[in-house]
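Undergrad: Coordinates for the following, if possible.
(chains A, B, C and D)
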Amino acid sequence: MKKRFTSFAFENKWTTAALLFLTGLLIVGILASWLHPFDPYEPNYEAKLQHPSLAHPFGTDYLGRDLLSRVLAGIPYSVFPALIVLGLVMVISLVLGTLSGFYGGRLDMLLMSVADLFTAVPNLLLTIVIIGFLGFGMENVYAAILLSWWAKYVRIIRGLVHDVKKEPYMLSSRVSGSFGFHAIRRHVVPNVMPQVLTLIILDVSRVILTLSGLSFLGLGAQPPSPEWGVMLLDGKNYLQIAPWMGFFPGLMIFATAVAFQICGEKLRSRFQLS
Amino acid sequence: MSKSFKRSAITISTILLLLLAACSSQTEPGPASTNKPEAPAAKRITVAVTQDSKGDRIDASTYNGARAVHSAIYDPLVEFGEGGKIGPGLATAWEVSEDGKTYTFHLREGVQFSDGSEFNAESVKFSLARTVANEENASLEIARKLDKVETPDTHTVVLQFKEMATQVLLELSQARPFRIMSPNAVNPAGAADGEFVKPIGTGPWQLDSFKEGAETVLTANEHYWKEKPSPYKLVFKVITDPQARVLALQNGEIDIAGGEVGNIPYESLPIFENNAKYKIEQHASTMSYFMVINQKNSFLADKSVRQAINLGTDTSKMMNGQGADVSGLFQSTVAFVTPTNQPSYSFDPDKAKQLLEAAGFQWNAGSKQYEKDGKPIQLRLVIQTEEYPEWKEMAEIFQSEMKNIGIKVEIANLERAAYYDALWTNKEYDLLLYRTYTDAQLPYRFLTSLFYHTDKTPGVAYQDAALTQQLDGIAKTTSPAEQQAIFDRIFARLHEEAMTVPVYYTKQTFIHSSKIGNFAFGDIEDNPVKWHQLTIEE
Amino acid sequence: MLRYAIGRLALLVFTLFLLTLFVFALMRLAPGNPAALLLQGIGAVPDESLIALYEHKWGLDQSFVQQYVTWLLELLQGHLGSSFVTGQPVTKEIASRLQPTLLLIASSFIVTVLFSVPLGIVSAIRENTLLDRIVYGGSVLGLSVPLYWLAILLMLGFGVLWPLFPIIGSGSANHYVLPVAAISLIQGAYFVRMIRSFTLEYKHSFFMEAARARGLRRRILYPSYLLRSMLIPVLTVVGTSFSGFFGAAVMIENVFSFPGLGTYMLDMIYNRDFPAIQGCSLLVAAVIFVLNFVTDLGYYAADPRVRLDKQRWEL
Amino acid sequence: MLEVHGLTITAKDTNRVLVRDSSFSVDAGETLCLIGESGSGKTLTGKALLGMLPDGLLMAGELSFGGEVMSGYGKKEWRQVRGRRIGVIYQHPEQALHPAIPIGRQLVDLLRSHLPVTRHAAEASARAMLDKVSLKDTDRLMKSYPFQLSGGMNQRVMVAMALLLKPELLIADEPTSALDVTTQSEIIALLQGLVAEEQLSMLFITHDLLLAGELADTIAVMKQGEIVEQGTAAAVMHRPKHAYTKQLLNCRSSFRFTSEEGAYLYVGNR
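TA: Next up, the predicted model:
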């Protein structure tokens, strides 16, 4: 397995760059506390809204806090939870999507109607209730995102499973009486995985942006959290005065998204070959 | 083109058409509504507002619709002047009986409603009766205490109250709900409980057209009695997003924005400063931001902690330094506030620490917090940013200042409904950033609604028997001198018990394009600008 | 086919019923009391007596089941009760705000599909060329920019610095240009990525290689062989995007101050106007379910394996 | 007919050699069997003959077909050869046919890609070809989809499609490995008949030595990308020189029996 990984890592320069960026994120995210040049939370009124400079490569925000430190401190609040949420969404929707796509019939009907239910309910309402009910805290915001996202994935995965189920080799394996679960594990999942992986990779940045959207509607992370989505929202208010306040968190979200895309793409092609 | 391609293209397009049909099956026939062809003469002055003004349901006896539109259409009997002085409105003179139960108003002659009908005692009787009949207004003093309304002649109205009423003139001067509406505005005409038809008032404007969620258009009332009616149309355009309002000002889709009615975030002001195309108008307001204290919290029950918090708050840092003049809960523009009668806590973090230590709090060097028998001082500050976006920055500044005096503050930026739930019902806050009311509702109505404390109805912001007694005293006298003496003691009591944490005195800020001339602020914040005096210079 | 459609419709009605119950319960759980909020809005003190007055007027003092049953009976007679905030019947309010939203969603849907489906396919066919890289980069950028940011940037760019289009309200046709552009770019980015990866998947499938091995001409190979096999995945992507479009419309309507269903719904949720929220979610859900239903029919038509599952050759 | 000299296929990024310096030839009307275990490069060789190597692989060596050198062909030239002068059939016919397009249409599309024929004429010759591969009820078959047909029927359709344009060479890449034993022998019989009747030369790729022994005029044995032994069928089957060929011969089954049609029925060593 080791040889496989190194070949994967240094296959081409893009993948290497992406992997380096992600490991960098991981390391800084974990060791963040003593890595920032400045304190990400302490206001410094003399240095309000300063242009990006040598002292402050990303400039400063409306309270004079160094944006580079805040962006670095924001990693554990933005990237890690996004991955956890996506992991959970993937597991749930894979299970439900496969079951309903593979077995069909009443189970499929029921799952689809519940899925339709969750896609149709305005997810703002859902989020307000969850946060209002479970109280504040980022895990509740993520639970809300989870609840409103799983439905879409189940529907897509069901469509994919539908495709795979019709493939001839699937017919032969069912004809030969292989037990449903075995067929799913050996045939359906490996075949659906490449598409599901693409799906999930696509949505890494969207989870962070959904958070930013929720903060736009007054439900996101609490001040003074350096979560990227919230910083993006603050940046919008200072668009014409201090454009860097929105630009750099946005740039980080973009870079993270690109890195995940590249790794995901390469992982997916590896999936296909093996 | 091979057959197979045509076939698959057809399949895809049919599916798309099906989707489109399903989508637009509910749309009403007719093309997208384009603006009505503009009457060539009337040029338009466009004002940005944050919410739909529900122009077609602005009934003078209710709180429906936007305050600015309400006060542009209807006039009050008496007007609210600087510092709470009551001036003549539709009533030229008035007398208040010794026992405060009889108010006699002498009405202005020769005034007509916008539909040409006569303004007289009958129309005043109709308006007041309709407002009192509406149970939603039950909490107002006039609605509670009014006995009957007599009209000895066509231009005199006498209000008889069951018991002494001291807030009559203030309530009459407010934007809602006691302004005067023509009896023809309801069906059947003149019936106090008639069905509302169309807003007809004596004010400078009348309703021209209304497009829900988009705009309310007013035209001048040619019969306006006070000044020359405006030659232009006044358009209140709904723009919900603050940045969109800034951009709409920049590209000329709106001419005026700001104040409470269409606020422009203060951080966007630099875009318009020293810019010839725009003019920034500023005017003192009567509203101030302050923090409500929850006495149930174990730390906040201790007066020295409340005082320490006041001393530790550097209000000069708020809103980029504009908060420097904060001293006491009410601004100097509020009625009964004199330069000397409002003691206040000036910024002194060391004194704050001394107070905490005197009250038995030990400094824990490790957590850099004060604690008492092992429990560090931790407070939850609840705010909302939907109506007041600037509160987020203020909360963060407050948080860091409290850290300097060893108090840990956790900010909870709640969604609007959850915020008001916390304030009015479930009390899940230690500190809550709120704001005072404005103009005629200050100081008495604001103080009674938040600080009046009885066993049956506990005080919302603070529960203090002495303050409640003083408020009762106000209700027993109509003489300004006596009321002033009581208010002096009330302000002292507010300060002495450190019942609130004043944070910022608001200012009314309007921005308009420089082609709009003769800009003048109105008498109350609900009627912020004398719209009818505005001119358009080419 | 008919039996399948009827079964699906019955399921749809059942799900709608489930939805109304779900939204009804959700609103009772949400924090915030409609009466207190209304009183707060008009500057009165929300004390118990006034709150009780309103709650009685709106029937909120009845039990949950009672409220739901009365609401359901009213629904069957075709009206959705009247809004707390304005007192107007909800049906009238929704009707007056429906057109801008539907026009916005329909036009952005068409624009998105027209530009992103072909772009996704072409960039997959011309894999690893310059075009593919640009499309790849652009779509990732589209996936990393929040919708409200893009909307503001478009307003600044094409409404202020280079004033080509109006930026407020839905007055005339060119009021729709920037909002539709904002929605289409974001949704388009997602479509392009999905369609491109599906096309790659099918492009490398065995029957395409066999077809090339038979020397089939490109003019037949791509338009019909590749496209025909793409029908199902395209439907999957399009079929699951409707609620995404509506979510985007709510956000865009708020930034561009569109007098549509989006702003209305957001206001009503903030004011906890139960009948209005109930009515809107029912309508939105109905439209989304119908569109999902149409997509399923599309599956049926597009995939012969589903259609002719029963007619197998018996040797 | 088909001359291959020094064919070498290497992977671009890891430059691993997949097929090393292989040379063989197929004369007109003859059948060459290319034998080797899976992964020995036999399928890759088949793809190289049609210029269908997946990108990421490099081809060296000289290919000539009917006297013309093909190694330097561009896309356009290859398209003239594929399907028209060289036909291909695969192991999984139902995957090689488009799942959502009726069989008739796929045949007509093939014809119209190469010849300026009207739709009607194309359908007629398609039907004729289906008869030729002894498929019954062609009208209904033309409108059916691959998933509706059995494995054997699909393979017959593949053969019909491969021979529709009267190619000179047929490449058969393990056409019978996925079929049950009876269908397998029917397809083999069909191929033998067509080769004889059409004077067709065939490159038959398989891992089944016995099947090769029965079909082939000449046999080439491939091991890890290299042709280790080449010669007439009789020579290779009875007087194998290379140890690997002997090993392949020994592990064939210990018993066989004869079915009515005289085709050998045996249990192959999968």
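
Undergrad: Could I get the buried residue list for the one helix or strand A:Val196 maps to?
TA: Assigned by DSSP states H and E, A:Val196 belongs to helix A:189-202. Under the neighbour-count criterion of 16 or more other C-beta atoms under 10 Å in any protein chain shown, helix A:189-202 has A:Asn191, A:Val192, A:Met193, A:Pro194, A:Gln195, A:Val196, A:Leu197, A:Thr198, A:Leu199, A:Ile200, A:Ile201, A:Leu202 buried. C-beta here means a position set from N, CA and C on the backbone, and glycine is covered the same way.

Undergrad: That one and chain D, are they touching?
TA: No: legend: contact between helix A:189-202 and chain D by C-beta under 8 Å from any C-beta of the partner chain is lacking; minimum distance shown is 13.2 Å.

Undergrad: List of residues touching that helix?
TA: Helix A:189-202 is contacted from outside by A:86, A:89-90, A:94, A:97-98, A:153, A:156-157, A:160-161, A:164, A:167, A:260-261, A:263-265, A:267-268, A:271-272, C:143, C:190, C:193-194, C:197-198, C:201, using C-beta atoms under 8 Å, 6 or more residues apart in numbering or on different chains.

Undergrad: Which among these count as buried?
TA: Applying 16+ other C-beta under 10 Å to those flags A:86, A:89-90, A:94, A:97-98, A:153, A:156-157, A:160-161, A:164, A:167, A:260-261, A:263-265, A:267-268, C:143, C:190, C:193-194, C:197-198, C:201 as buried.

Undergrad: Compile the buried residues of helix A:189-202 into a markdown table and extend it with columns for distance to C:Pro179 and pLDDT.
TA: What follows is the buried residues of helix A:189-202, written out as a markdown table (distance: C-beta to C-beta, whole Å; pLDDT from 0 to 100):
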| residue | distance to C:Pro179 | pLDDT |
| --- | --- | --- |
| A:Asn191 | 40 | 74 |
| A:Val192 | 36 | 76 |
| A:Met193 | 37 | 77 |
| A:Pro194 | 35 | 74 |
| A:Gln195 | 31 | 73 |
| A:Val196 | 32 | 78 |
| A:Leu197 | 33 | 77 |
| A:Thr198 | 29 | 73 |
| A:Leu199 | 27 | 74 |
| A:Ile200 | 29 | 79 |
| A:Ile201 | 29 | 78 |
| A:Leu202 | 24 | 73 |
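
Undergrad: Can you add distance to C:Val13 and give these back as JSON lines?
TA: Converted to JSON lines, these look like this (distance: C-beta to C-beta, whole Å):
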{"residue": "A:Asn191", "distance to C:Val13": "35"}
{"residue": "A:Val192", "distance to C:Val13": "31"}
{"residue": "A:Met193", "distance to C:Val13": "36"}
{"residue": "A:Pro194", "distance to C:Val13": "37"}
{"residue": "A:Gln195", "distance to C:Val13": "32"}
{"residue": "A:Val196", "distance to C:Val13": "31"}
{"residue": "A:Leu197", "distance to C:Val13": "36"}
{"residue": "A:Thr198", "distance to C:Val13": "35"}
{"residue": "A:Leu199", "distance to C:Val13": "30"}
{"residue": "A:Ile200", "distance to C:Val13": "33"}
{"residue": "A:Ile201", "distance to C:Val13": "37"}
{"residue": "A:Leu202", "distance to C:Val13": "33"}
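
Undergrad: ok, of those, which one's closest to D:His242?
TA: Distance to D:His242 across the buried residues of helix A:189-202 (C-beta to C-beta) is lowest for A:Asn191, with 39.6 Å.

Undergrad: What parts of the stretch 1-150 of chain A come near chain B?
TA: For the stretch 1-150 of chain A, the residues in contact with chain B (C-beta under 8 Å from any C-beta) are A:Tyr41, A:Glu42, A:Pro43, A:Tyr45, A:Lys48, A:Tyr62, A:Leu63, A:Ile128, A:Ile131, A:Gly132, A:Phe136.

Undergrad: again, only this time at 7 Å
TA: In this structure, the stretch 1-150 of chain A approaches chain B at residues A:Glu42, A:Pro43, A:Tyr45, A:Tyr62, A:Leu63, A:Ile128, A:Gly132, A:Phe136, judged by C-beta under 7 Å from any C-beta of the partner chain.

Undergrad: again with the stretch 151-274 of chain A
TA: Applying C-beta under 7 Å from any C-beta, we find that the stretch 151-274 of chain A lies next to chain B at A:Gly218, A:Leu219, A:Gln222, A:Pro223, A:Pro224, A:Lys236, A:Asn237, A:Tyr238, A:Leu239, A:Gln240, A:Ile241.

Undergrad: Pull out the buried residues from the residues you listed.
TA: Buried members of these, counted by 16+ other C-beta under 10 Å: A:Gly218, A:Leu219, A:Gln222, A:Pro223, A:Pro224, A:Lys236, A:Asn237, A:Tyr238, A:Leu239, A:Gln240.

Undergrad: Can you tell me the SS state at the last one?
TA: Meaning A:Gln240. With DSSP: H, G, I helix; E, B strand; the rest coil as the basis, A:Gln240 sits in coil.
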